[in-house]
Every structure is written in C-alpha cells, then in structure tokens.
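In: fold the stuff below for me.
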Amino acid sequence: MDSSSTDDSRLRGALPTADADYDKKARELKDQQAEIAARIEQHQQGNAEYRTTLESLISLASRAVELFERSKTEQKRQLLAFVFSNLAPRGKKLEFSLRSPFDLMVDRRSYTSWLGM
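Out: Sure, this is the predicted structure:
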C-alpha cells in the first residue's frame with residue numbers, strides 16, 4: 001500500500017465528526033434554499049395579485065365619473081366614502097382629503113420614478 005492511500009484511510013477514520021458536521025451543514029443549506037425558493041414563489045404570486053389590484057383600481061378611477069352618474073344614491077355615498085375622507089363644506093368650496101392610493105394618483109408630477117426614465 002502506498003503512503004497516500006494510508007493517509008486517506010487515516011483521515012477518514014480520524015475525522016468522523018467532520019462528515020457529520022458536513023452532512024448537518026448541507027441539510028441546513030438545503031432547508032434554507034427551499035425556504036428561499038418558497039419566499040420567491042410567494043413574492044411572485046404577490047406581484048401578480050398586486051398588478052391585478054392596481055389594474056382594477058386604475059380602471060375604476062378612469063371610469064369614476066361614468067360609474068358615479070349611473071349609480072343610485074347609496075352607491076354614490078359608498079363611492080365617495082371609498083375615495084374621499086374628511087369631506088366638509090367651507091363656504092362655496094368643498095374641502096376633502098383623498099384616501100390612499102387615490103392621493104398618489106392626483107399629483108403624479110411629483111413621482112418622477114413613474115415616468116420610466
């Protein structure tokens with residue numbers, strides 16, 4: 001037997017905990033990898049749901065006048081409550097606050113990141 005095979009067999013026998021430590025660490029890393037893959041999947045599903053919600057919201061906002069005019073009184077109240085908060089008459093003017101995310105849609109110029117440049 002040459003000296004290198006003797007050294008290998010001595011190393012294998014001399015470090016039994018190294019194999020166990022390696023196997024343990026490999027299992028931990030596989031578990032972390034599976035967890036990360038699951039999180040990525042959740043984020044991708046969340047992105048799709050967010051996109052659908054955003055598209056619906058933009059569609060609703062673009063058709064708001066039409067929907068409002070065709071609605072009954074109670075539906076108009078619900079639509080106004082959905083979009084506005086703190087409605088209050090002040091003389092000949094109506095003061096209001098927009099609920100989120102409608103407040104973001106009004107002043108788009110301040111959101112230069114939306115321009116895609």
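In: from here on, just use CA atoms for contacts and neighbour counts.
Out: Will do.
In: who are the packing partners of the helix or strand that contains residue 59?
Out: Residue 59 belongs to helix 16-62 when assigned by DSSP states H and E. If you count contacts as 3 or more C-alpha pairs under 8 Å, 6 or more residues apart in numbering; DSSP states H and E, helix 16-62 packs onto no helix or strand.
In: what about it, distance to the chain center?
Out: 12 Å (C-alpha atoms, centre = their mean, to the nearest Å).
In: next SSE after that helix?
Out: Following helix 16-62 in sequence order, the next helix or strand is helix 64-70 (DSSP H and E).
In: just the C-alphas of that next one, formatted as PDB.
Out: Extracted in PDB, the C-alpha atoms of helix 64-70 (Å, rounded to 0.1, in the frame of the first residue of the first chain):
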ATOM      1  CA  ALA A  64     -65.300  57.000 -11.900                       C
ATOM      2  CA  VAL A  65     -67.500  59.800 -13.500                       C
ATOM      3  CA  GLU A  66     -69.400  57.300 -15.500                       C
ATOM      4  CA  LEU A  67     -70.000  54.900 -12.600                       C
ATOM      5  CA  PHE A  68     -70.900  57.800 -10.300                       C
ATOM      6  CA  GLU A  69     -73.500  59.200 -12.800                       C
ATOM      7  CA  ARG A  70     -75.200  55.800 -13.300                       C
END
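In: okay then, goodbye and thanks.
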